[in-house]
Structure formats: structure tokens, C-alpha cells
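**Student:** would you be able to build a 3D model of this:
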Amino acid sequence: MKQEDIVTFYGKVRISNKPNDATAGGLSHYRINTNYVNNIRKVVRVKLRSNLDIMVPAAHKRTQYVHDEMFVVQKELVVSAACIEIMRQYFAHLSDASGELEAFRKVYLQVYENIYRFGQTKEIRCQIEYGFTEGELNANGGMFYHNELDTMFKLGEEPILAAHPHSEEGRRQAALEAADKIKDEHGFVFWVEIIDNLGKYGERFVSICNQIYKIVPRRDKNRQDGLYIVSSTPSNGRINSNEVFERRYPLDNVDKDLGIYPTYELAQTHGDIAGSRKREQQEREHEYNREKQQWAQEKLKLEREADERERHLRHVEQERTIAATQMKELRDRQEHLAEMQRLHMKDKYDERQAERKDASEFIKFLPSILAAVGTILMVWKTFKGS
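**Tutor:** As a prediction, the model looks like this:
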């Protein structure tokens, strides 16, 4: 058979043409075999993490070591002679085991004590079993996921439609269901996630709505490396969809294809730092010229306002000067009138004084005058009688 490589999360799976017995020639030191035994007389479907869906028909006859009316999963650990002691030491020092690991620890140490110590053997085989009744399979609607086995089980012939919860498809369906719930509540959903299990890609920055966001990669061994986008369906301008979708982009070309950048500055400039700086310089020059023109206009406006204020002040000063002149003239006129009135009063006073003085002088000389008149009359009468 020609060998063929199949890409997986962490490398390639090669279809081998080696013999089925891997222990031939000492090629394998450890093996874990899984067997499915169906004794419930109904078909049981088994789905592994790879989403391989196996149909296990009912056994035609009972198989030893299993209970009646049960579906049994047998897991067998096979350890070669070269590693028996190594495995014993591992299990002997294992103190916090539980579940399947504890079961294997107990059965391995028991087999080692019962067989290996009493003689050489080529290998140790130890087996544990999980059993499920038809009622237990039906308890969860006929299908359930068993965490310890990392396997899905379903009663009936119909294939298991749901993806394995820890498979890539199962995780994708869970993410879409969560995103769909967010979309129903808020109308829009968009999230970005980077899975980088080898730590080679590093943090990235993305520009959304003119804001820069940092995306820190994380490791998830159950998922393939890549950048995952879960979002509402993009609009093409005419036809819009309410569906939610997920896409995975390989990390090799994601920076170029999606505009994801390794630095804040590149995200801020959309990968064109030189062009962005040139545009920023042009924008600064444009802003400077715009502000310069605005400043010139503002300066001209202020100068006009200053001239207007100066003209107003001159007008006010002129009015103030005129008012002051008029007030001075009014005061001078009032003072002149007051002086004229004072002089008039003085003249009247002086005139009265003169009149009183003349009257006084007349009174003063009146007896003499009367005496003189009397004398004259007497002389006249005398002269007339003679």
C-alpha cells in the first residue's frame, strides 16, 4: 500500500503498511486496546473525538467476562517486558489517581504481584471495563457523552448527528450556538480568537471602529492552530443575513489576508507606516494652514473691532469734551449772572444808603432852614409894613 500523509493539528498522520501486530520485532513497548462488546440486543453507536461514528451490532452470543444485558467497553493496557518495571514504579508512586487511571493502577500492581514476580513474562496485560445497561443509555434520551472515555454513545442504528464535544467540529458548533445567543440578544456579534499551541505566532493587534485592540494568543490542545472569527454574516450592501458563522484562518497568511498586525503602530496605520506618516504630515500641514488662515481672519476681526472701539472712544471723548465745554460755559454764565446780581444788589444798597444819608442831612439842617425861612418872613413882613 502506498503511504499517504494526512494533516492533523500537530503534524501528519501516515497511512502505514506495517503489520497489524505492532509488537512484532519489539516495535511497541506500550499499547492500549479498546474493545466494544454489545450484549443488550440493540445496536449501539459509538463516536470518537475524531468524529468517527462506529456502529456496534448486538452480539449473537454472550461474551465471557461481561455482565448480561450490558454494553461493555473494555480497555486493555499492554506493557512489554522492557517497560514492566518502569510502569510499576510509576504506578507505585502515583498517589492522587482517580477514575480510569486509578483502576489501571490497581489492576496493574495486582497483575504484577500475581504474575511477573514469580517468573519472566514477555508482557503484562491488564484490563478494565465500563458497563452500561439499556436503561442507562436511555436515561439521557438515548445518547450521552462519557467524559472518562471521551466518547459519545447512542442507542439505535441512526448515526450520531451531534459532533463530539471536544472535536474541532463540536467546539465550532458550541461557539456558533453561543454566538447565536448573543446575536439574538444584541443583534450583532463579532469575536476574534488566536490559538497558538506552539507559541510561535505571538500577540497581534487589530483595528476595529478606529480603535486598536490587542489579541493575546492562547493554547488549546483540543483545537488546531489558527485565527478564529465568529461573527454575524457580513453585509454586501443589499442582501443581509441573520446567520452566524465561524471561519478559521491559518496563521501563515492571516496578517496579510485579514489586516492583523504584530505591532500597535502597524495596526494603527493599517500596515503602511511610511504612507501614514506622510498623510499625517500632510494633515498637520493642512491643519497648520487652516489654523493660520483662521488666526489671520481672527486677527483681522480683532483689529476691526479695535478700530471700531477706538472710533467709539474718540467719539465719546469728543462728546465728553463738548459736554465739559458746555458745562464750563454754563458755570461761567451762572457766575456772571451771580456777579451781576450781586452788583445790582450792591447798587441798590448803595442807592438806599445815599438816600438815607441825604434824608438824614436834610433833617439835620431842617431847623436851620426853618429858622432862616422864619427870619426871612419876619424881615419881609417888617419890610412890607414899613
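**Student:** give me the number of residues near V79?
**Tutor:** V79: 23 surrounding residues under other Cβ atoms under 10 Å. Quick note: C-beta positions are derived from backbone N, CA and C, even for glycine.
**Student:** what do you get for the one 4 residues further on?
**Tutor:** When neighbours are counted by other Cβ under 10 Å, C83 registers 15.
**Student:** give me the pLDDT value at the closest residue to it other than its chain neighbours.
**Tutor:** Distance criterion Cβ to Cβ, 6 or more residues apart in numbering; nearest residue to C83, sequence neighbours excluded, is H29 at 4.5 Å. On pLDDT, H29 comes in at 86.
**Student:** show the contacting residues for H29.
**Tutor:** Shown in contact with H29 (Cβ atoms under 8 Å, 6 or more residues apart in numbering): V79, S80, A82, C83.
**Student:** now the two most distant members of the residues you listed.
**Tutor:** V79 and A82 (8.9 Å; Cβ to Cβ).
**Student:** now, the contacts of H29 that are in strands?
**Tutor:** Counting by DSSP state E, the part of the contacts of H29 found in strands is V79, S80.
**Student:** that older thread, ok, the residue nearest to C83 to H336 distance?
**Tutor:** Per Cβ to Cβ, to the nearest Å, H29 is found 140 Å from H336.
**Student:** swap in K328?
**Tutor:** 12 Å.
**Student:** one more: D53?
**Tutor:** On the measure of Cβ to Cβ, D53 and H336 end up 130 Å apart.
**Student:** what's the answer for I124, then?
**Tutor:** For I124, the distance to H336 - Cβ to Cβ - is 145 Å.
**Student:** against which helices or strands is the longest helix anywhere in the chain packed?
**Tutor:** Once the chain is assigned using DSSP state H, the helix that runs over the most residues is helix 273-385. Helix 273-385 sits against helix 264-268, with contacts defined as 3 or more Cβ pairs under 8 Å, 6 or more residues apart in numbering; DSSP states H and E.
**Student:** show me which of D53 and H336 is the more surrounded one.
**Tutor:** D53 (15 against 10).
**Student:** so how far is the longest helix of the chain from its chain's centroid?
**Tutor:** For helix 273-385, the separation from the chain centroid amounts to 79 Å (computed by Cα atoms, centre = their mean, to the nearest Å).
**Student:** for the stretch 151-300 of the chain, what spans make up the strands?
**Tutor:** 151-155, 190-195, 204-208, 211-215, 226-232, 244-249 (DSSP state E, counting those that start in this stretch).
**Student:** for the third one, list every residue counted as buried.
**Tutor:** By neighbour count, with 16 or more other Cβ atoms under 10 Å as the criterion, the buried positions of strand 204-208 are R204, F205, V206, S207.
**Student:** how close does the third one sit to V78?
**Tutor:** Spelled out, it's V206. Applying Cβ to Cβ to V206 and V78 gives a distance of 50 Å.
**Student:** cool, and the second one?
**Tutor:** As for F205, its distance to V78 is 51 Å (criterion: Cβ to Cβ).
**Student:** give me the domain ranges for the chain.
**Tutor:** Domain assignment of the chain by automatic domain parsing yields the ranges 5-163, 170-271.
**Student:** will you turn those into TSV that also has distance to D350?
**Tutor:** Output for the domains of the chain, formatted as TSV (distance: least, Cβ to Cβ, whole Å):
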stretch	distance to D350
domain 5-163	138
domain 170-271	104
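**Student:** of all these, which one is nearest E280?
**Tutor:** Nearest to E280, of the domains of the chain and by Cβ to Cβ, is domain 170-271 at 8.9 Å.
**Student:** avg pLDDT for the closest one?
**Tutor:** 76.
**Student:** what do you get for stretch 39-48?
**Tutor:** Here the average pLDDT along stretch 39-48 is 88.
**Student:** for it, the distance to its chain's centre please.
**Tutor:** 49 Å.
**Student:** which other residues reach it?
**Tutor:** For stretch 39-48, the external contacting residues (Cβ under 8 Å, 6+ apart) are 36, 38, 53-59, 62-63, 66-72, 133-134, 137, 150-160, 164.
**Student:** do that again at 7 Å, thanks
**Tutor:** Residues from elsewhere that reach stretch 39-48 (Cβ atoms under 7 Å, 6 or more residues apart in numbering): 36, 38, 53-59, 62-63, 66, 68-72, 134, 151-157, 159-160, 164.
**Student:** buried subset of the residues you listed?
**Tutor:** 38, 56, 66, 70-72, 134, 151-155, 160, 164.
**Student:** make TSV from those and add distance to V230 to it.
**Tutor:** What follows is these, written out as TSV (distance: Cβ to Cβ, whole Å):
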residue	distance to V230
N38	39
V56	35
V66	44
M70	41
F71	36
V72	40
E134	39
T151	27
M152	24
F153	29
K154	28
L155	33
I160	24
H164	19
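**Student:** out of those residues, who's nearest H315?
**Tutor:** H315 lies nearest to H164 out of these, by Cβ to Cβ, at 94.8 Å.
**Student:** for the closest one, give me phi and psi.
**Tutor:** Backbone torsions for H164, taken as degrees, to the nearest 10, come to phi -60, psi 130.
**Student:** touching, it and D53? I think so.
**Tutor:** No - H164 is beyond contact range of D53, at 9.4 Å (criterion: Cβ atoms under 7 Å).
**Student:** can I get the CA coordinates of stretch 190-208 in PDB?
**Tutor:** Taking Å, rounded to 0.1, in the frame of the first residue of the first chain, the C-alpha atoms of stretch 190-208 are listed here in PDB:
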ATOM      1  CA  PHE A 190     -18.100  39.600  16.400                       C
ATOM      2  CA  TRP A 191     -15.200  38.000  18.200                       C
ATOM      3  CA  VAL A 192     -11.600  37.000  17.300                       C
ATOM      4  CA  GLU A 193      -9.500  34.300  18.900                       C
ATOM      5  CA  ILE A 194      -6.000  33.100  18.200                       C
ATOM      6  CA  ILE A 195      -4.900  29.500  19.000                       C
ATOM      7  CA  ASP A 196      -1.200  29.200  19.000                       C
ATOM      8  CA  ASN A 197      -0.200  25.900  20.700                       C
ATOM      9  CA  LEU A 198       3.500  26.200  19.900                       C
ATOM     10  CA  GLY A 199       3.800  29.800  20.900                       C
ATOM     11  CA  LYS A 200       5.400  30.900  17.700                       C
ATOM     12  CA  TYR A 201       2.900  33.400  16.400                       C
ATOM     13  CA  GLY A 202       2.700  35.900  19.200                       C
ATOM     14  CA  GLU A 203       0.300  38.600  20.100                       C
ATOM     15  CA  ARG A 204      -1.400  40.600  17.400                       C
ATOM     16  CA  PHE A 205      -3.200  44.000  17.100                       C
ATOM     17  CA  VAL A 206      -6.300  44.800  15.000                       C
ATOM     18  CA  SER A 207      -8.200  48.000  14.200                       C
ATOM     19  CA  ILE A 208     -11.900  47.900  14.700                       C
END
